[in-house]
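A.B. asks: Give me a 3D structure for the following:
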Amino acid sequence: MFSALSHLECPRCAATYDAGIRQGLCHGCAAPLLARYDLSSVPIRRSALAGRAPDLWRYHELLPVSAPEHIVSLGEGMTPLLAVPRLASSLGLSRLWVKDDGLLPTGSFKARGASVGVSRARELGVRAMAMPTNGNAGAAWSAYAARAGLDMLVAMPVDAPAITRVEIVAAGGWLVLIDGLISDAGRLVSAAVAGTEWFDVGTLKEPYRIEGKKTMGFELAEQLGWRMPDVVVYPTGGGVGLIGIVKALGELVTLGWLHGPLPRMVCVQAAGCAPIVRAFDAGAAESEPWADPRTVAFGITVPKALGDFLVLSALYDTDGTALAVTDEDLLADVALVGRLEGLLLCPEGAATVTATRSLVES
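C.D. replies: Numbering: from 1, shown residues only. Purely as a prediction, here's the structure:
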């Protein structure tokens, strides 16, 4: 058995779907679908992982691709978990780690979701995909689509980082620039693919990107000896990464692979676009759209996330929290981390440092 995938499930209304055919959102309530596994059938012990290749496909029983010949890989996964003692000391912490997904193919954590998402799409017979993006996801999915021999249409705001435009076009993606936000790009993609064979692979519009993203949770557990840290601080736009980590940890607990308490999850957003933080502070189950978002942390500029209710549920369930940080503070922390640890963080990554300082001070 290469994969223990059993079915898809709607986390809102509990409807179930056949994982063997192409699926998008729940037909009943339009919520994102999640992949579910028959964990009782997983035939390996965690010790068996030591003999496998150091990539995210080492966890293939817990991923949705049913046969290895469908895997589309550029060598992604098992990125360094770096201890940052000087930064920790400056923040008043005894131990602090940075998970450096900047070393993944295409330069961002988006490669995790792209590898698994494109692999499963190809396995299901998809030949053409489309998505809105703030930049990095479009670059990653274009690269993996090229690797798989699939067509890729990407719509992105004209203000998105220029380097991602270059990456998309270099990989043969069809690029459409939008004078607006990612939400506007999403509406264009939805209209463009309606009634066609093109597959909308926007954030949580299909069930498999999150399966790639959850491998960060698997790696954290394995790299820390199957004991998790007290807190995981995560920059959040669409929220797939944070949701994925919580999903991964739940699966590891069910397998009996993870020991000790689970971490509190912390969602970090920019003060100029913080719909989930606002919803968390109000104790709400989902967010309201953020008007006129403005921040240098472009990758987390998402006015209304499709999976916001899943992010908020993860925060409530783990006794976590949500924090907004200013551009001024996060840019100062870009410089600080460079001086102290030699790491060049993007603004979105630096936002987690700013949030960690706020947590310590509070």
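A.B. asks: correct me, but residue 310 touches residue 243?
C.D. replies: Yes - under the criterion of CB atoms under 8 Å, residue 310 makes contact with residue 243 at 4.8 Å. Quick note: C-beta positions are derived from backbone N, CA and C, even for glycine.
A.B. asks: what about the strands in the stretch 51-200 of the chain?
C.D. replies: 81-83, 97-99, 128-132, 151-157, 174-178, 199-200 (DSSP state E, counting those that start in this stretch).
A.B. asks: After the shortest one, which helix or strand is next?
C.D. replies: If you walk from strand 199-200 toward the C-terminus, the next helix or strand you reach (DSSP states H and E) is helix 209-213.
A.B. asks: what sits up against that following helix?
C.D. replies: 32, 34-35, 56, 63-64, 109, 112-117, 120, 201, 203-204, 240-241, 243-245, 247 (CB atoms under 8 Å, 6 or more residues apart in numbering).
A.B. asks: One more: stretch 280-298?
C.D. replies: Under CB under 8 Å, 6+ apart, the answer for stretch 280-298 is 134-135, 159-161, 181, 183, 235, 267, 270-276, 278-279, 301, 303-305, 308-309, 312-313, 315, 321-322, 327, 330-331, 346-348, 351.
A.B. asks: among the residues you listed, which are in strands?
C.D. replies: 235, 267, 270, 321, 322 (DSSP state E).
A.B. asks: Out of these, give me the two with the largest separation.
C.D. replies: The distance between the two most remote of the ones in strands among the contacts of stretch 280-298 (CB to CB) is 16.1 Å, for 270 and 321.
A.B. asks: More neighbours: the two, which one.
C.D. replies: residue 270 (28 against 21; other CB atoms under 10 Å).
A.B. asks: How many residues are close by the nearest residue to that one once chain neighbours are set aside?
C.D. replies: Sequence neighbours aside, residue 295 is the residue nearest to residue 270 in space, at 3.6 Å (criterion: CB to CB, 6 or more residues apart in numbering). The tally of other residues near residue 295 (other CB under 10 Å) stands at 22.
A.B. asks: Which of the three states applies to residue 295?
C.D. replies: Three-state assignment for residue 295 (DSSP: H, G, I helix; E, B strand; the rest coil): coil.
A.B. asks: Let's see the pLDDT reported for it.
C.D. replies: You'll see residue 295 listed with a pLDDT of 97.
A.B. asks: ok, it to residue 281 distance?
C.D. replies: Residue 295 sits 18 Å away from residue 281, going by CB to CB, to the nearest Å.
A.B. asks: residues in contact with the closest residue in space to residue 128 that isn't next to it in sequence?
C.D. replies: With sequence-adjacent residues excluded and distances taken as CB to CB, 6+ apart, residue 128 is closest to residue 151, at 3.9 Å. By CB under 8 Å, 6+ apart, residue 151 lies in contact with 127, 128, 129, 145, 174, 198.
A.B. asks: same thing but 7 Å
C.D. replies: 127, 128, 145 (CB atoms under 7 Å, 6 or more residues apart in numbering).
A.B. asks: Could you do residue 27 as well?
C.D. replies: Not one residue lies near residue 27 by CB under 7 Å, 6+ apart.
A.B. asks: SS state for it?
C.D. replies: Under three-state DSSP, residue 27 comes out as coil.
A.B. asks: quick one: pLDDT of it?
C.D. replies: At residue 27, pLDDT is 97.
A.B. asks: Can you tell me how far it is from residue 243?
C.D. replies: 21 Å.
A.B. asks: Tell me which helix or strand the residue most central in space within the chain sits in.
C.D. replies: Most central in the chain under CA atoms, centre = their mean is residue 241, positioned 2.8 Å from the mean C-alpha point. Assigning secondary structure by DSSP H and E places residue 241 in helix 240-255.
A.B. asks: Can you name the residues in contact with that helix?
C.D. replies: The contact list for helix 240-255 (CB under 7 Å, 6+ apart) reads 37, 39, 42, 62, 109, 113, 203-204, 209-210, 213-214, 216-218, 221, 228, 232, 234, 236, 258, 262, 265, 267, 307, 310-311, 314, 318.
A.B. asks: 8 Å - rerun?
C.D. replies: So helix 240-255 is contacted by 34, 37, 39, 42, 46, 62, 109, 113, 203-204, 209-218, 220-221, 226, 228, 232, 234, 236, 258, 262-263, 265, 267, 307, 310-311, 314, 317-318 (CB under 8 Å, 6+ apart).
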